[in-house]
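Undergrad: A predicted structure for the sequence below; I have some questions about it.
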Amino acid sequence: MASPDQEKEIARLKKVVKRYFDAYRVAKVIDSLGGLIKTIGIGCAVLVALAGFFLLIYGRGAETIIAAGILVIILGIAIGALFYVAGVLVSASGQILKASLDAAVNTSPFLEIEEKAKVMSV
């Protein structure tokens, strides 16, 4: 049976490990959200650009429709680029959080090497 001091140590260790697991979970969600934003941006860009191509193809040669088609294609590319850059920034913040957590876990005086590896999923 564990002594009261050992039980306190185990309880403290469980809290520390849970905190790190939760933080890693948040970092993974942020990173995944960045990937989702990039995917949505590319999808929107493709749809808007396709609409522009349809205007060009089925515009019956009217100059204003052709100009509108070109503008819609450019708009689609701009939307995709903006969403992609936003997704990269969000994903980068998740990666930065993971790196910070790796440093915190690695230098934690509360965790043994095996526990550090478990927390960092190594």
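TA: It's in. Residues are numbered from 1 along each chain as shown.
Undergrad: where does this structure have low pLDDT?
TA: Along the chain, the parts satisfying pLDDT under 70 run over 1-2, 122.
Undergrad: what's the single longest helix in it?
TA: Longest helix in the chain by number of residues, with DSSP state H as the criterion: helix 4-58.
Undergrad: wait, what's in contact with residue 107?
TA: The contact partners of residue 107, taken as C-beta atoms under 8 Å, 6 or more residues apart in numbering, number zero. (Glycine included, C-beta is placed from N, CA and C.)
Undergrad: Check whether residue 121 sits in a helix, strand or coil.
TA: coil (DSSP: H, G, I helix; E, B strand; the rest coil).
Undergrad: okay but it is in contact with residue 24, surely?
TA: Yes - using C-beta atoms under 8 Å, residue 121 and residue 24 qualify as a contacting pair, with a distance of 7.3 Å.
Undergrad: same for the helix or strand containing residue 75, what does it pack against?
TA: Under the criterion of DSSP states H and E, residue 75 resides in helix 63-106. In terms of contacts (3 or more C-beta pairs under 8 Å, 6 or more residues apart in numbering; DSSP states H and E), helix 63-106 is packed against helix 4-58, helix 113-119.
Undergrad: Show the contacting residues for the closest residue to residue 83 other than its chain neighbours.
TA: Spatial nearest neighbour of residue 83, chain neighbours left out: residue 41 (2.1 Å); criterion: C-beta to C-beta, 6 or more residues apart in numbering. Contacts for residue 41 were tallied using C-beta under 8 Å, 6+ apart; they are 79, 80, 81, 82, 83, 84, 86, 87.
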